[in-house]
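Participant: next comes the sequence, and after it the predicted model I'd like to discuss.
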Amino acid sequence: MATLSIGGGSTVSRVIGRALLWLWLLAGLFPLLFMVLTSIKPEGIARDIPPKWLFTPTLEHYSQLLQSGGGTSVTFSRLLFNSAAVTLGSTLLTLAVAVPGAYALAMRSFRSRKALSSWILSTYMFPPIVAVIPVFIIAGDLGVIDTYPVLIIPYAAFNLPIAIWILRSSVLQIPYEIQEAALVDGASRWQLLSRIIWPLLIPAVATAAILCAILSWNEFLFALSLTRSAAKTAPVGVQEFTGMYGTQWGPLSAAGTMIIAPILVMTLILRRRIVSGLTFGAVK
Amino acid sequence: MTMAGVRFDRASRIYPKSDRPAVDQLDLDIGDGEFLVLVGPSGCGKSTSLRMLAGLEEVDDGAVFIGDRDVTALPPKDRDIAMVFQNYALYPHMSVGENMGFALKIAGMDKREIRERVRDAATILDLEPYLDRKPKQLSGGQRQRVAMGRAIVRKPQVFLMDEPLSNLDAKLRVSTRTQIASLQKRLGVTTVYVTHDQVEAMTMGDRVAVLKDGVLQQCDTPRVLYDRPGNAFVAGFIGSPAMNLAEGRVADGGIQIGPATIPVARQDVGDSVEVTVGFRPESLELGGPDDGFAAVVAVVEELGSDAYVYASFAGRESAAITQGHDLVVRVDPRQTPRPGDTVHLRVRAGELHLFDTATGARLN
């Protein structure tokens, strides 16, 4: 009988498969590599076609970037700080709402928990762009345009469904009898949450936090529409290097590299956790 | 340590969206220090009854008392009970010691006293070397003992045990069974124990309560349940191999079952016409050609100390293939009949049970 196992087949087809995957990977990584190379090329040769592969690397774009900015008077280091603040704020807000929410949605005494959970997940399909204009008008009326909360709150709102879903799945994976045992052992609802559920939930909380942080850190649309300078984030700053008189490739790619770096590092360290988070509840 | 009995007073549980109560007006009085076993087939309401006592399940009607206290509306933490769960429900992030001391810590007990009590319980249960391990580093039997330890350090008024042995392998189950029973006698704490295994129920309980479809069938000592089952269900449920039960009609001189007639005194059956006759495998004797009724041997099971003969009433051999055998007979393992033999069987005097077929109620 022919082998049915995944990854089976002859050695030849496996080698060909591997080669194709490697090609695909390199093709995917090439733009990233090119960006990093461009960011350390001296001014002047960045735009040369065909591109030069041999040059003396320089960090001039990075130092220039951190002290000044693109089109505005705000320095790029300030934009990175804003991005970090907004990311941290929205991630904390998401978790503060999602952890108790997920627990409530996993409680057996909550009758419509399944329908409500599915509905919450379905809101993840809502296209954020639709919300930009109403949020802009409301934020204008409230006078909060160009502040941190105007980004933190919508980011948290858009991250909540996935965070709740991940956390709820892992609450459900905790045997219900453990909660009952704690109640019989004399724990109050609060002690049950803080001493039993929370410690068991920490890995899932970390996973949800990472996913929320990545989404908030990379967000462009809301940041572009709702901030001007004081709360502007790094992704918005990047596009300002493309101007009327041409594109500043050196600073642009340096900025891109700096935005990608923390996410890339975090992903490499925590990749297993991220993948397990995305497949949470997929297999019982 | 104060101890207390437990009383269910017409306690009912009706699950939402269900028209039949899961537990139907349960009346049960459990004495101080008694080991009571709730037993029945799955879905009979035994676990629900236990959970009502624990406060994990609502009581929709009636009341539950621990000692003189009406605990019907109290949350689990105010009932002074300890529970052992079927899957043990150990806290995975805590060591064995922390698991056992958790309830005491929650109660705000002094750290040194917690350590002492945990150590005492660990000594009783042979868990001392494992106090710093996490549950996942333990074997099934050790986990089961930790769950027991978590209950006994509490020194509660009542122990609740929900099928605590069902995750152990057969051999360990038998040895743990006697350990739990002797531990309970030593501590003298009122214990309510749920199991679906009637052997466990019979060997462990001071009294055994048999439930079916949410209704209490009979609650008595194992001896009485075995010798005088109150109805046909209890008769068939208690005992292994099960009691022989055969449906028949009242006829001249006895009960007519297929081609056989089992002699029964007329006054024993009262007004019933359709009567179910029951007799245990060991209540049958092999007799001479004129004795009792004839049966055809199908299979002989040798167990060493005993042998069981599976047989059918003579003339009904072919039905046995689809409907199972009519009779199980315990015989001397050194003098067994052979398959195909026709034997004559007679029920020992006073060991015949008669039930009304329609109601299941005991007649004699």
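Facilitator: The structure has been received and is ready for your questions. Everything quoted here is computed from the prediction, not taken from an experiment.
Participant: quick one, helices of the chain?
Facilitator: You didn't say which chain, so I picked chain A. A:11-39, A:60-67, A:76-105, A:113-122, A:128-142, A:149-173, A:176-184, A:189-192, A:198-218, A:221-226, A:234-239, A:249-278 (DSSP state H).
Participant: I was after chain B.
Facilitator: Listed in chain order (using DSSP H), the helices of chain B are B:46-54, B:96-106, B:111-124, B:140-152, B:170-187, B:198-204, B:222-227, B:232-237, B:266-269, B:317-323.
Participant: now these as JSON lines including mean neighbour count, distance to residue A:270 and mean pLDDT?
Facilitator: Backbone N, C-alpha and C define where each C-beta goes, glycine included. Converted to JSON lines, these look like this (neighbours: other CB atoms under 10 Å in any protein chain shown; distance: least, CB to CB, whole Å; pLDDT from 0 to 100):
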{"stretch": "helix B:46-54", "mean neighbour count": "24", "distance to residue A:270": "41", "mean pLDDT": "96"}
{"stretch": "helix B:96-106", "mean neighbour count": "23", "distance to residue A:270": "28", "mean pLDDT": "96"}
{"stretch": "helix B:111-124", "mean neighbour count": "16", "distance to residue A:270": "37", "mean pLDDT": "95"}
{"stretch": "helix B:140-152", "mean neighbour count": "23", "distance to residue A:270": "32", "mean pLDDT": "94"}
{"stretch": "helix B:170-187", "mean neighbour count": "15", "distance to residue A:270": "41", "mean pLDDT": "93"}
{"stretch": "helix B:198-204", "mean neighbour count": "21", "distance to residue A:270": "48", "mean pLDDT": "94"}
{"stretch": "helix B:222-227", "mean neighbour count": "17", "distance to residue A:270": "58", "mean pLDDT": "96"}
{"stretch": "helix B:232-237", "mean neighbour count": "23", "distance to residue A:270": "55", "mean pLDDT": "95"}
{"stretch": "helix B:266-269", "mean neighbour count": "13", "distance to residue A:270": "77", "mean pLDDT": "84"}
{"stretch": "helix B:317-323", "mean neighbour count": "12", "distance to residue A:270": "62", "mean pLDDT": "66"}
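Participant: tell me the spacing between the closest residue to residue B:20 other than its chain neighbours and chain A.
Facilitator: Excluding the flanking residues, the one nearest residue B:20 by CB to CB, 6 or more residues apart in numbering or on different chains is residue B:214, at 7.0 Å. According to CB to the nearest CB, to the nearest Å, residue B:214 and chain A sit 20 Å apart.
Participant: check contacts around residue B:214.
Facilitator: Taking CB atoms under 8 Å, 6 or more residues apart in numbering or on different chains as the contact definition, residue B:214 lies against B:13, B:20-24, B:44-45, B:48.
Participant: give me the pLDDT for residue 278.
Facilitator: Assuming you mean chain A. Residue A:278 is assigned a predicted lDDT (pLDDT) of 58.
Participant: ah, no, chain B please
Facilitator: The score at residue B:278 is 93. That number is its pLDDT.
Participant: picking that back up, closest to residue A:10 out of the helices of chain B?
Facilitator: Ranking those by distance to residue A:10, with CB to CB as the measure, places helix B:140-152 first at 43.8 Å.
Participant: and that closest one, does that touch chain A?
Facilitator: Yes. Using CB under 8 Å from any CB of the partner chain, helix B:140-152 reaches chain A at residue B:150.
Participant: which residues touch that helix?
Facilitator: Counting by CB under 8 Å, 6+ apart, the neighbours of helix B:140-152 from elsewhere in the structure are A:181, A:185, B:82-85, B:88-90, B:96, B:99-100, B:102-103, B:118, B:121-122, B:124-127, B:130, B:135, B:138, B:159, B:161, B:164-165, B:167-169, B:172, B:176, B:180, B:183, B:187.
Participant: residue A:216: neighbour count?
Facilitator: Around residue A:216 sit 28 other residues, with neighbours defined as other CB atoms under 10 Å in any protein chain shown.
Participant: so what's the residue count around residue B:297?
Facilitator: Around residue B:297 there are 22 other residues, counting by other CB under 10 Å.
Participant: which strand residues bridge it?
Facilitator: According to DSSP bridges, residue B:311 are recorded as the beta-bridge partners of residue B:297.
Participant: pretty sure it sits against residue B:343.
Facilitator: Yes. Here residue B:297 lies in contact with residue B:343, judged by CB atoms under 8 Å, at a distance of 6.1 Å.
Participant: what do these two both touch?
Facilitator: Shared contacts of residue B:297 and residue B:343, counting by CB under 8 Å, 6+ apart, come down to B:309, B:311, B:337.
Participant: could you identify which of the residues you listed has the most neighbours?
Facilitator: Counting by other CB under 10 Å, top hit in the shared contacts of residue B:297 and residue B:343: residue B:311 with 29 neighbours.
Participant: point to the residue nearest the middle of chain A.
Facilitator: residue A:214 (1.4 Å; CA atoms, centre = their mean).
Participant: how about the contacts made by that residue?
Facilitator: Under the criterion of CB under 8 Å, 6+ apart, the contact partners of residue A:214 comprise A:263, A:266-267.
Participant: picking up where we left off before, now distance to residue B:55 too, for the helices of chain A, in JSON lines please.
Facilitator: Written out in JSON lines, the entries for these read as follows (distance: least, CB to CB, whole Å):
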{"stretch": "helix A:11-39", "distance to residue B:55": "57"}
{"stretch": "helix A:60-67", "distance to residue B:55": "62"}
{"stretch": "helix A:76-105", "distance to residue B:55": "20"}
{"stretch": "helix A:113-122", "distance to residue B:55": "22"}
{"stretch": "helix A:128-142", "distance to residue B:55": "46"}
{"stretch": "helix A:149-173", "distance to residue B:55": "22"}
{"stretch": "helix A:176-184", "distance to residue B:55": "8"}
{"stretch": "helix A:189-192", "distance to residue B:55": "13"}
{"stretch": "helix A:198-218", "distance to residue B:55": "23"}
{"stretch": "helix A:221-226", "distance to residue B:55": "48"}
{"stretch": "helix A:234-239", "distance to residue B:55": "54"}
{"stretch": "helix A:249-278", "distance to residue B:55": "35"}
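Participant: to residue B:352, which of those lies closest?
Facilitator: Residue B:352 lies closest, by CB to CB, to one member of these: helix A:176-184, at 45.0 Å.
Participant: what is that closest one packed up against?
Facilitator: The helices and strands touching helix A:176-184, judged by 3 or more CB pairs under 8 Å, 6 or more residues apart in numbering or on different chains; DSSP states H and E, are helix A:189-192, strand B:81-84.
Participant: where does pLDDT dip in the chain?
Facilitator: Unless you meant another one, I'm taking chain A. By pLDDT under 70, the weakly predicted segments of chain A are A:1-9, A:69-73, A:244, A:274-284.
Participant: wait, I meant chain B there
Facilitator: Across chain B, residues meeting the criterion (pLDDT under 70) sit at B:1-3, B:318-323.
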